[in-house]
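Asker: Provided below are the primary sequence and the corresponding predicted coordinates.
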Amino acid sequence: MVMQMNITKKDKLWYAFIIAAIALPCIPGVIGGSFFGHVATMVLLYASMAQSWNIISGYGGQVSFGHSVFFGIGAYGAALSVVTFESLPWFGAPLGMLAAAAVSIIISYPCFKLKGHYFAIATFAIVEIFNRLFMIWDAVGGALGLDYPILPDGWVNFSWSTTKTGYYIGALAIFLLVFGIVRHIERNRMGYYLLAVREGQETAESLGVNSTVVKLGAMALSAALAALCGAFFAQYNYRVDPPMVMSLDMSMKFVLITILGGLGTFWGPFLGALVLIPLQEYTRAYLSHLGPGVDLIIFGLIIIIVMVKEPRGIMGLLGYISRKLNKSQEEAEKGGNR
């Protein structure tokens, strides 16, 4: 008896993207040492960051502005491993993920007793607390942060000085891991529980869902994945300091990318990163003479335009266009049958 797999349209897009992303470095000169290679790497990284935030805030409905704390813990985990302990980032990254998950549970348990905007405000305060703590903490470099030494190129140190290919492959691996986990959650019991809590916590609890366990589990997973992205970020930039990784600016990037692409959707974080990150990198490269913050001004304008037209972001716009095209096709078919 032959089993037939039910492959959805979303599955086909997912597999097609994986094939295209893997094939990209095989094209000579596309990734390597090109600026496009840097932009492609950043798109994959920021999409992964946004998707990690999307787990708790999009699917779970718990809007957090504090994810840069977990991102920063991951970054410092990798940096401390290399700079302070003269070890490999492969040891620091998983420890940073565990530390971020533990911290997320400790700070989220009391904060989850708050509802609505009060929870979001509390996460704002948490970012400031951790930012100031790391600014005065000498063990992690204080306000000056940690600068990497010159490391030999290769996978052992996860460091390359002349090519972006290794970093691109690393960012792609993180992307596939994060998006693969979310794809699994969507089809799993946890996904249904998260949606139930988002749509009505009291109703979900009346049906036997332990909302506290569900939210804490989602937060821990979200924090660990954000920390993994932070570890990559530290390796890529060869330094880390509190304003760089543990700030409200960084937290807002998690939020804005997801909202622009489509909150609580699978492809939303990727689409948001695909629009905003190239814009950020190319404006910094070619419009920096206009002064700092030009990319943020353009960010704001794009988000306002999209949100006015479609509050559900780019995914909502694509759905609107698809419905219009289907309606036009149906009307044309009806007209042809008369």
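Answerer: Thanks, I have the structure now. Computed from a predicted structure; not experimentally measured. Residues are numbered from 1 along each chain as shown.

Asker: roughly how far is stretch 294-306 from the heart of the chain?
Answerer: How far stretch 294-306 lies from its chain's middle: 19 Å, per C-alpha atoms, centre = their mean, to the nearest Å.

Asker: not counting its own residues, what contacts stretch 27-34?
Answerer: With contact meaning C-beta atoms under 8 Å, 6 or more residues apart in numbering, stretch 27-34 is reached by 24, 25, 36, 37, 40, 162, 163, 164, 165, 168. For every residue, glycine as well, the C-beta is placed using N, CA and C.

Asker: after whichever strand or helix holds residue 222, which helix or strand is next? Please name it.
Answerer: Using DSSP states H and E, residue 222 sits in helix 211-237. Using DSSP H and E, the helix or strand that directly follows helix 211-237 along the chain is strand 239-240.

Asker: tell me the helix or strand right after that next one.
Answerer: helix 242-245.

Asker: what packs against that following helix?
Answerer: Here helix 242-245 touches helix 67-79, helix 117-136, helix 211-237, going by 3 or more C-beta pairs under 8 Å, 6 or more residues apart in numbering; DSSP states H and E.

Asker: please work out the average pLDDT along that helix.
Answerer: The pLDDT scores in helix 242-245 average 92.

Asker: go on, stretch 305-318?
Answerer: 82.

Asker: buried stuff in it?
Answerer: Across stretch 305-318, burial judged by 16 or more other C-beta atoms under 10 Å covers 306, 310, 312, 313, 314, 315, 316, 318.

Asker: export those to a markdown table and tack on distance to residue 93 and secondary structure?
Answerer: Below are the buried residues of stretch 305-318 laid out as a markdown table (distance: C-beta to C-beta, whole Å; DSSP: H, G, I helix; E, B strand; the rest coil):
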| residue | distance to residue 93 | secondary structure |
| --- | --- | --- |
| 306 | 34 | helix |
| 310 | 37 | coil |
| 312 | 34 | coil |
| 313 | 31 | helix |
| 314 | 31 | helix |
| 315 | 31 | helix |
| 316 | 35 | helix |
| 318 | 35 | helix |
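
Asker: take those and lay them out in a markdown table including distance to residue 12.
Answerer: Shown next, in a markdown table, are the buried residues of stretch 305-318 (distance: C-beta to C-beta, whole Å):
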| residue | distance to residue 12 |
| --- | --- |
| 306 | 26 |
| 310 | 24 |
| 312 | 22 |
| 313 | 22 |
| 314 | 19 |
| 315 | 17 |
| 316 | 21 |
| 318 | 16 |
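
Asker: and stretch 131-142, C-alpha only, in CSV?
Answerer: C-alpha atoms of stretch 131-142 as CSV (Å, rounded to 0.1, in the frame of the first residue of the first chain):
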residue,chain,number,x,y,z
ASN,A,131,21.3,47.3,29.4
ARG,A,132,22.4,49.2,32.5
LEU,A,133,23.6,46.1,34.3
PHE,A,134,25.8,45.0,31.4
MET,A,135,27.1,48.6,31.0
ILE,A,136,28.6,48.5,34.6
TRP,A,137,29.5,44.8,34.7
ASP,A,138,33.3,44.6,34.3
ALA,A,139,33.3,40.8,33.8
VAL,A,140,31.6,41.3,30.4
GLY,A,141,33.6,44.3,29.4
GLY,A,142,31.3,47.0,30.8
